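[1] Sequence first, predicted coordinates after that:
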Protein chains: 2
Amino acid sequence: MKIAQIAPLCEAVPPRLYGGTERVVAHLSDALVDAGHAVTLFAAADADTRAVLVPVRDRAIRLDPAPLKSELAAHLSMLHEVHARADEFDVLHFHLDLLHYPVFADCAPRTLTTLHGRLDLDDLPGVYRRWPQFPLVSISQRQRAPLPDANWLGTVHHGLPLELYPLTPRPRGGYLAFLGRASPEKGLARAIAIARRAGLPLRIAAKVDDVDRAYFHDTIAPLLGGPGVEFIGEIDDTGKAAFLGEALALLFPIDWPEPFGLVMIEAMACGTPVIAWNRGAVPELLEDGVCGRIVASEAEAVAAIGEVIALDRATIRAVFERRFSAAAMAQGYLALYWRILDAQRHDLRLHA
Amino acid sequence: MKIAQIAPLCEAVPPRLYGGTERVVAHLSDALVDAGHAVTLFAAADADTRAVLVPVRDRAIRLDPAPLKSELAAHLSMLHEVHARADEFDVLHFHLDLLHYPVFADCAPRTLTTLHGRLDLDDLPGVYRRWPQFPLVSISQRQRAPLPDANWLGTVHHGLPLELYPLTPRPRGGYLAFLGRASPEKGLARAIAIARRAGLPLRIAAKVDDVDRAYFHDTIAPLLGGPGVEFIGEIDDTGKAAFLGEALALLFPIDWPEPFGLVMIEAMACGTPVIAWNRGAVPELLEDGVCGRIVASEAEAVAAIGEVIALDRATIRAVFERRFSAAAMAQGYLALYWRILDAQRHDLRLHA
């Protein structure tokens, strides 16, 4: 099958450091190539891919030191290029959320759109009422809740290459891990409180976005002075394998309806159990009592630590391999691509 | 003529406090109504207009206390509505920079796009190469410099209603004024330095955007402690008439190629002279030695203060009335609307 993958231009594909969507597009593109398909990736030139790369910007926007850039302009230019070549592909798979709807209204049935973000924004229902013709993929069932009547074709969970984060059978770090953005919704302050109450060290690998600087300065920085809390900033994939693998457990104390939570399956790949709040896609992704514990309070989280440390890390890894491999993700998407092709052939309107 | 004005949804039309583009759209729409035309304004519901308002969002995004919003989704929904009604209008006048190009590619010759921002962003040439069919208006000749070969139809300077900021013949404030965003490119630190060297009080009416909080905290806040510098935050139009009118002079020490600089003509409306840096559209808008002085250093700015205080404020007001009235702006745009209509009738491609 001839498949176009259209990635955001914000981070490299895959990102060198933090970043979710571009990471998923990278793994999906490679896994589709491995499955024997002709994949063309529209992305920034610093992509690292086994697909045929169409570089539509010299480098990813966040890595570009040029001070004067336009995310919107860069993405519109890319969409213009994709549209000019649309007939070369059986399926066009978009990872840009909304922006392509006006450009591809004329060939929507041949597109697939994975929505990577939260969907409970006030302005979204109006868009999906006005552009109902685009087949959509959710990254968890839970993600759909705010837009139950959108044109959902399926749910495909994210996946990772099996070799990216190997199992660490016996972690030696003796610490709890936090990995994510240093933002209120990711629950970093809560993670620090849990580690303090448990008397265990916490290591924090976090990105501080511009919008989160005030939160970091006012709320997090004062908590970092005490003993047992170490802030190590953003890390790359190599660092991540050791960081997650050597941890006793990952803390995922989110305070928002996160539609997936890639770091949970990264931890699971290492065999590292996860202590997660019962929000968003957590109950859908984390097998409670097998791969970690789902909790509702700091006290429950502290109480769960001993329990999750005792879980069998090889079993966690096995669950990861079965449910969250890049190959499984690619098979999930291929099933949807075939439905799109069949519907085109039979001129059918798709229904989930 | 049946004219659609399509405003950004970020601020109210006009903005209650700081904000440029929505202010210009408000004044233009009213002036076109006054000139006898049928004007339909697509904007947020909190607009205050004499045009027929099509409210496409309950309230302007920046004023909306809802935490979960999508600027992109809101604007795409608006564009979908405008497109559905496009045939009702002779001309569609967009103030959204880029976003409408994919939606209106099929009726570009019947549109006019005023570019309100700086054009020296790396990603813009690619967009204007790919969507060359949209007739463009610059808000100053200088603004065009980074995109000289774009499809420019004309330049129309911004204008204000004559009654909005009345002439203050004899200001009693005894201070220098700064009005704008508290950002490096607006030159607030330079304004403080000039006032200190001149031994005159400085009053600052400034908006602090989220992206500028670190700059404000690190660079500006330490300068506010000393004597003679007063920070009063954002002000509304009533406050602005007094703030600018009672000032000895406005300081406009910008450090970027600002494409217009609305506050300069607001000051001129009050008869208040302007001391401005020789950047962007300043030499095009400010008559040196008549409405203020154009300078290149803090020393020149300090030296210019006595000179501009001696300028005739009624003459400054007269220049404003002649060049920068809302009626003059409306006539400038009407001339372009007629060219678009004529070209449609004769099926001609427009050239500037």
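    Sure, I can see it. The model shown is predicted, which means the values in this text are computed figures rather than measured ones.
[2] and the end-to-end length of stretch A:13-30?
    Using CA to CA, to the nearest Å, one end of stretch A:13-30 lies 11 Å from the other.
[3] hmm, who's touching stretch A:94-101?
    By CB atoms under 8 Å, 6 or more residues apart in numbering or on different chains, the list of residues contacting stretch A:94-101 from outside reads A:5-8, A:21, A:24-25, A:72, A:75-76, A:79, A:82, A:104, A:108, A:111-117, A:127, A:131, A:134, B:70, B:72-73, B:76. C-beta here means a position set from N, CA and C on the backbone, and glycine is covered the same way.
[4] Would you mind measuring from the closest residue to residue A:30 other than its chain neighbours to residue A:278?
    Of all residues beyond its chain neighbours, the one nearest residue A:30 is residue A:50 (4.9 Å), with distances taken as CB to CB, 6 or more residues apart in numbering or on different chains. The gap separating residue A:50 from residue A:278 is 38 Å, by CB to CB, to the nearest Å.
[5] again, but for residue A:182
    From residue A:182 to residue A:278 the distance is 22 Å (CB to CB).
[6] For these two, indicate the residue with more neighbours.
    Counting neighbours by other CB atoms under 10 Å in any protein chain shown for residue A:182 and for residue A:278 shows that residue A:182 has the greater number, 22 against 13.
[7] Now the phi/psi pair for the more buried one, please.
    phi -80, psi 80 (degrees, to the nearest 10).
[8] Would you agree it is in contact with residue A:220?
    Yes - counting by CB atoms under 8 Å, residue A:182 touches residue A:220, with 5.8 Å between them.
[9] any shared contact partners between these two?
    residue A:188.
[10] host element of residue A:226?
    Taking DSSP states H and E as the definition, residue A:226 sits outside all helices and strands.
[11] And it, its phi and psi?
    With angles defined as degrees, to the nearest 10, residue A:226 sits at phi -70, psi 170.
[12] quick one: residue A:205 from chain B, how far?
    Distance of residue A:205 to chain B, given as CB to the nearest CB, to the nearest Å: 23 Å.
[13] Let me know the secondary structure of that residue.
    With DSSP: H, G, I helix; E, B strand; the rest coil as the basis, residue A:205 sits in strand.
[14] Cross-check the contact I'm expecting between it and residue A:176.
    No - shown here, residue A:205 and residue A:176 do not form a contact pair, counting by CB under 8 Å, at 11.9 Å.
[15] The two - which one has more neighbours?
    A side-by-side neighbour count of residue A:205 and residue A:176, using other CB under 10 Å, places residue A:176 first with 26 against 21.
[16] Which strand residues bridge that one?
    On the basis of DSSP bridges, residue A:176 is bridged to residue A:202, residue A:249.
[17] if we can go back for a sec, now, of the contacts of stretch A:94-101, which are buried?
    A:5-8, A:21, A:24-25, A:72, A:75-76, A:79, A:82, A:104, A:108, A:111-117, A:127, A:131, A:134, B:70, B:72-73, B:76 (16 or more other CB atoms under 10 Å in any protein chain shown).
[18] Tell me where the longest helix sits in chain A.
    Looking across chain A with DSSP state H, the single longest helix is helix A:326-346.
[19] which helices and strands sit right next to that helix?
    Counting contacts by 3 or more CB pairs under 8 Å, 6 or more residues apart in numbering or on different chains; DSSP states H and E, helix A:326-346 packs against helix A:21-34, strand A:91-94, strand A:111-115, strand A:152-155.
[20] Can you add distance to residue B:154 and mean pLDDT and give those back as CSV?
    Shown next, in CSV, are the helices and strands packed on helix A:326-346 (distance: least, CB to CB, whole Å; pLDDT from 0 to 100):
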stretch, distance to residue B:154, mean pLDDT
helix A:21-34, 41, 97
strand A:91-94, 37, 98
strand A:111-115, 38, 98
strand A:152-155, 47, 98
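[21] Throw those into a markdown table and include distance to residue A:57, thanks.
    As requested, the helices and strands packed on helix A:326-346 are arranged in a markdown table below (distance: least, CB to CB, whole Å):
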| stretch | distance to residue A:57 |
| --- | --- |
| helix A:21-34 | 13 |
| strand A:91-94 | 16 |
| strand A:111-115 | 21 |
| strand A:152-155 | 29 |
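[22] For residue B:231, find the nearest of those.
    helix A:21-34 (40.5 Å; CB to CB).
[23] mind giving me the domain ranges of chain A?
    As given by automatic domain parsing, the domain ranges for chain A are A:2-161+A:325-350, A:176-323.
[24] Kindly provide the whole-number mean pLDDT of the shortest one.
    Domain A:176-323 shows a mean pLDDT of 94.
[25] got a pLDDT number for the residue nearest to residue A:30?
    Looking at residue A:50, the pLDDT reads 98.
[26] Pretty sure it sits against residue A:29.
    Yes - here residue A:50 reaches residue A:29: they are 7.2 Å apart, a contact under CB under 8 Å.
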